[in-house]
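Peer 1: Based on what follows, work out the 3D shape:
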Amino acid sequence: MKLSISTIMFQQTELILLKEKAVYCPSHKALFIADLHFGKAAHFRKSGVPIPEPIHNADLYNLQALISVFSPSTIYFLGDLFHSDWNGQWEVLNDFLKQFTEVTFHLVLGNHDILDERAYRNSAFEVHKGCLELGELLLSHEPLEEIPVGKLNLCGHIHPGIRLVGKARQSIRLSCFFYKPNQLILPAFGSFTGLALMKPKPGDQIFGVTKEKVIPILS
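Peer 2: Model (predicted):
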């Protein structure tokens, strides 16, 4: 796995933005991931849309690679870990994570995390129904509207993206990290997700994500 990173410093906390659409915080030995939406392919198949299951394999491979490189003690999933109703992919995900006995997994529940409490109780996760505080960081699924001074909200839900237009009017859409005062919105980690094009305001920063690196686009 070849690392290509950009870094944000929020007060005393260093956050490394990764092309795998995750954030690593060295001081907490923690990885942050938003919007995996695992099991979404099976959900679509139930509705008659023929989406192949292996579409999620790349997500597991990326997660395994991140654990191998960074050896985190904790991984925080910032909501929408699993896509809505239960299907067999929930067990696939849990069996995969349980092999990493040295890692503690936390789940901040999102709007798609609607499984029965018994499923979470018997899972690999410590589950949190509300915002979770970690030092200077406030972890949530949806972006917080009110953020205390001196805190940075890490969140997902939006699936932020940016559209770049070339001189010949050709364009490309990229996932991005969207950083504005006191808030960092992570791109969707899952490969089977869409994009919401962001409209930056003065003071906002955008870091585009390509297969090779994270690119500061607006800073």
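Peer 1: Off-centre distance for stretch 75-83?
Peer 2: Chain-centre distance of stretch 75-83: 7 Å, with C-alpha atoms, centre = their mean, to the nearest Å.
Peer 1: Run a quick neighbour tally on Lys201.
Peer 2: Counted with other C-beta atoms under 10 Å, the neighbours of Lys201 add up to 8. Heads up, the C-betas are built off the backbone N, CA and C, glycines and all.
Peer 1: Which residues does the closest residue in space to it that isn't next to it in sequence form beta bridges with?
Peer 2: The shortest distance from Lys201 to any non-neighbouring residue, by C-beta to C-beta, 6 or more residues apart in numbering, is to Lys180 (7.3 Å). Beta-bridge pairing for Lys180 (DSSP bridges): Gln183.
Peer 1: show me the contacts for Lys180.
Peer 2: 200-201, 203-205 (C-beta atoms under 8 Å, 6 or more residues apart in numbering).
Peer 1: Mark which of the residues you listed are buried, thanks.
Peer 2: Burial by neighbour count, 16 or more other C-beta atoms under 10 Å: within the contacts of Lys180 this picks out Gln205.
Peer 1: and of the contacts of Lys180, the nearest to Gly150?
Peer 2: Using C-beta to C-beta, Gly203 comes nearest to Gly150 of the contacts of Lys180, at 17.5 Å.
Peer 1: Double-check that closest one against Pro181; I have them as touching.
Peer 2: Yes. Look at Gly203 against Pro181 with C-beta atoms under 8 Å: they come within range, at 6.1 Å.
Peer 1: which among the contacts of Lys180 gets closest to Met9?
Peer 2: Among the contacts of Lys180, Gln205 lies closest to Met9 (C-beta to C-beta), at 12.3 Å.
Peer 1: what separates that closest one from Pro181, distance-wise?
Peer 2: Separation of Gln205 from Pro181 (C-beta to C-beta, to the nearest Å): 10 Å.
Peer 1: do the same with Gly190
Peer 2: Taking C-beta to C-beta as the measure, Gly190 falls 27 Å from Pro181.
Peer 1: Between those two, which has more neighbouring residues?
Peer 2: Gly190 (24 against 10).
Peer 1: wait, isn't that one in contact with His37?
Peer 2: Yes. The pair Gly190 and His37 passes the contact test of C-beta under 8 Å, sitting 4.1 Å apart.
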